[in-house]
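Q: Here is a sequence with its predicted model. Questions after.
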Amino acid sequence: MTRQPRVAVVGAGLAGLTAGLALARRGWRVDLYERSRLLGGKTTSFEVEGHEVDCGQHVVLACCTATLDLIDELGLNDSLYVQPRFEATVLSRKRPPAHLRASSLPAPFHLMAGFARYPFLTTLDRIQVGRALLAARGERAPKGDMAAWLRRHHQGSRAMRAFWDPFLVPALNAPLDRVSAEMGLFVIRTAFLGSSDAARIAYLRVPLVRLAEAAAARFDGVHLRQAVVGVHREGNRVTGVKLSGGTGAACDACVLAVPPRRLSTILDDAPALGIEGLDAFEPMPIVDVHLWYDRPVLGCDFAALLDSPVQWAFEKSPGYVCCSMSAADALVQRPERELVELGRSELAAVLPEAARAKLLRGAATRDPDATFIPSPGVRRPGPATALPNLVIAGAWTDTGWPATIESAVRSGRSAALTLFSNAAGWQNAQGSSGAGAPMEVAHAV
Ligand SMILES: Cc1cc2nc3c(=O)[nH]c(=O)nc-3n(C[C@H](O)[C@H](O)[C@H](O)COP(=O)(O)OP(=O)(O)OC[C@H]3O[C@@H](n4cnc5c(N)ncnc54)[C@H](O)[C@@H]3O)c2cc1C
């Protein structure tokens, strides 16, 4: 009887977890290796000041269908909030809170009524934004960066400040002059022009790490604090992973779901395996400031802030506000107390209730490598390598999406599909006995 293959999945972020789940669903035996003590990668949660917080506020949109499927598969649908219709509260220093709401009209007309009432744009701005949206619908393979594309389409400073920057910069986690127009237009088309439902904001109401915990519970072995430093090969096949303690573990196949720089240390001949350009990926930080007040302050679940380094604020429970700062390369090195004060003062400037409330505690979380900039010309590798039983995954790989949760999940699926389709070939070559030479197997935790 042919036994099911044993696969080593390296990296407990959503890419690795999704790949592992897809493989486990087909009966493959999955061993997960993660260098840190926590599951979830960037979507992990940990304790700060006695509260379990996410490493940063994460949201997806209703168009992120692979992520919503994953949440469903992991039984967390009851903890998922999805807006019934796209709506965002927008806060500014000079005006009362405004709302940008979609109507029930089909896309792209669903946004028209919302724009008509949006006070931060003049009538001319609204017309120009509408024209740019329509142009985005038809334009294929635009050249250059997104800021230049918007300038070419006559987007002035008000439209940039009140619409494009608050919605596109957090989605792409980079200033728009560093993002390819192709990726910018992909986001516009997918979120705003695909269907009137696509831009509905969704997030989990439980700590994000619950996703990773639910996925990992379906694997055969979960090896935390186990950094993979290389792979064993025989001919054109991977036969095991090398662990940092000098031990190893045998496998029939391997998914490397780690960021690009880590991948180049695990595979010192990545270009020879068909994985080019790992040094070209430029990381971009995200900083989150967590503020605990003595009372609720936001007046809604979440809001965008104009003219502020805090692009979005989320009141995750009454009085606990998470301030999200994307494209935060100018902030990531600042001391925690400065970041907390920045978050506090920015909220106080736009919310009278936050100015009156007493701040009980504050903390900052930061990830210098939160995402990778989808710069013009950057080439992202797909899941396949020159070795049929070795695949790669990660939000940064070629999924067509910016480096997001959705991209991570899609990459994990593609990696698993690639292994499935290669499996017949390498299993025949290997014989029905399965794994190569036995090695010392890392302990399961
Ligand atoms: C603060 C913050 C906010 C964000 N907000 C959003 C958002 O709102 N919406 C959204 O869609 N996306 C958001 N993102 C991006 C999103 O979290 C990531 O794109 C996605 O989670 C990446 O998943 P991944 O599996 O590709 O990589 P990772 O999550 O980075 O997982 C890689 C894993 O590999 C492990 N690893 C590395 N090297 C080794 C090794 N040698 N051996 C074993 N393990 C190793 C790492 O420890 C890590 O756990 C945000 C990111 C951050 C940091």
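A: Done, it's in.

Q: Past the worst-scoring helix or strand of the chain on mean pLDDT, which element shows up next along the chain?
A: The helix or strand of the chain with the lowest confidence, counting by mean pLDDT, DSSP states H and E, is helix 112-117 at a mean of 86. Going down the chain from helix 112-117, the next helix or strand is helix 123-138, by DSSP states H and E.

Q: Would you mind pulling up the elements that that next one packs against?
A: helix 112-117, helix 157-159, helix 181-188 (3 or more C-beta pairs under 8 Å, 6 or more residues apart in numbering; DSSP states H and E). Heads up, the C-betas are built off the backbone N, CA and C, glycines and all.

Q: Which among those helices is found nearest to the ligand?
A: helix 181-188 (11.2 Å; C-beta to the nearest ligand atom).

Q: pLDDT of that closest one, averaged?
A: Helix 181-188 shows an average pLDDT of 96 in the prediction.

Q: so does that helix get close to the ligand?
A: No. Helix 181-188 lies out of reach of the ligand by C-beta under 6 Å from any ligand atom, never closer than 11.2 Å.

Q: So which elements touch that helix?
A: On a contact count with 3+ C-beta pairs under 8 Å, 6+ apart, helix 181-188 meets helix 123-138, helix 146-152, helix 165-172.

Q: out of these, nearest to His58?
A: helix 165-172 (11.0 Å; C-beta to C-beta).

Q: Let's see that closest one as CSV, backbone CA atoms only.
A: Extracted C-alpha coordinates of helix 165-172, given in CSV (Å, rounded to 0.1, in the frame of the first residue of the first chain):
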residue,chain,number,x,y,z
ASP,A,165,-4.1,58.3,-0.2
PRO,A,166,-6.5,57.1,2.7
PHE,A,167,-7.7,54.1,0.6
LEU,A,168,-4.8,53.1,-1.6
VAL,A,169,-1.7,53.7,0.7
PRO,A,170,-2.9,51.3,3.5
ALA,A,171,-4.0,48.8,0.9
LEU,A,172,-0.6,48.8,-0.7
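
Q: Tell me what angle that helix forms with helix 181-188.
A: 110 degrees (axes from the mean of the first three to the mean of the last three C-alpha atoms, to 10 degrees).

Q: Residues touching helix 165-172, excluding its own?
A: Here helix 165-172 makes contact (C-beta atoms under 8 Å, 6 or more residues apart in numbering) with 90, 146, 175-176, 179, 183-184, 187-188, 191, 304-306, 311-312, 324, 326-327, 374, 402, 404.

Q: how many neighbours does Arg356 have?
A: 12 (other C-beta atoms under 10 Å).

Q: pLDDT wise, what is it at?
A: 97.

Q: Please report phi then psi for it.
A: phi -80, psi -30 (degrees, to the nearest 10).

Q: where's it relative to Asn77, distance?
A: 37 Å (C-beta to C-beta, to the nearest Å).

Q: Check Tyr203 too.
A: 13 Å.

Q: For the two, indicate the residue with more neighbours.
A: Higher neighbour count among Tyr203 and Asn77: Tyr203, with 19 against 11, using other C-beta under 10 Å.

Q: Could I get the phi/psi values of the residue nearest to that one when sequence neighbours are not counted?
A: Residue nearest to Tyr203 in three dimensions, not counting chain neighbours: Val59, with 4.6 Å by C-beta to C-beta, 6 or more residues apart in numbering. With angles defined as degrees, to the nearest 10, Val59 sits at phi -130, psi 160.

Q: dump the residue contacts of Val59.
A: Here Val59 is in contact with 201-203, 302 (criterion: C-beta under 8 Å, 6+ apart).

Q: Among these, find me the one that's closest to the ligand.
A: Tyr203 (7.9 Å).

Q: For the lengthiest helix in the chain, list every residue counted as buried.
A: If you go by DSSP state H, the chain has its longest helix at helix 405-430. For helix 405-430, burial by neighbour count (16 or more other C-beta atoms under 10 Å) applies to 405-416, 418-419, 422-423, 426-427, 430.

Q: Get me the contact residues on the stretch 51-200 of the chain for the ligand.
A: Counting by C-beta under 6 Å from any ligand atom, the stretch 51-200 of the chain sits next to the ligand at 55-56, 58-60.

Q: does the closest residue to the ligand within the stretch 51-200 of the chain count as helix, strand or coil?
A: Closest approach between the stretch 51-200 of the chain and the ligand, counting by C-beta to the nearest ligand atom: Gly56, at 2.2 Å. Assigned with DSSP: H, G, I helix; E, B strand; the rest coil, Gly56 falls in the coil class.

Q: Contacts only, for it.
A: Counted by C-beta under 8 Å, 6+ apart, Gly56 has contacts 42, 286-288, 322, 324, 365, 367, 370.
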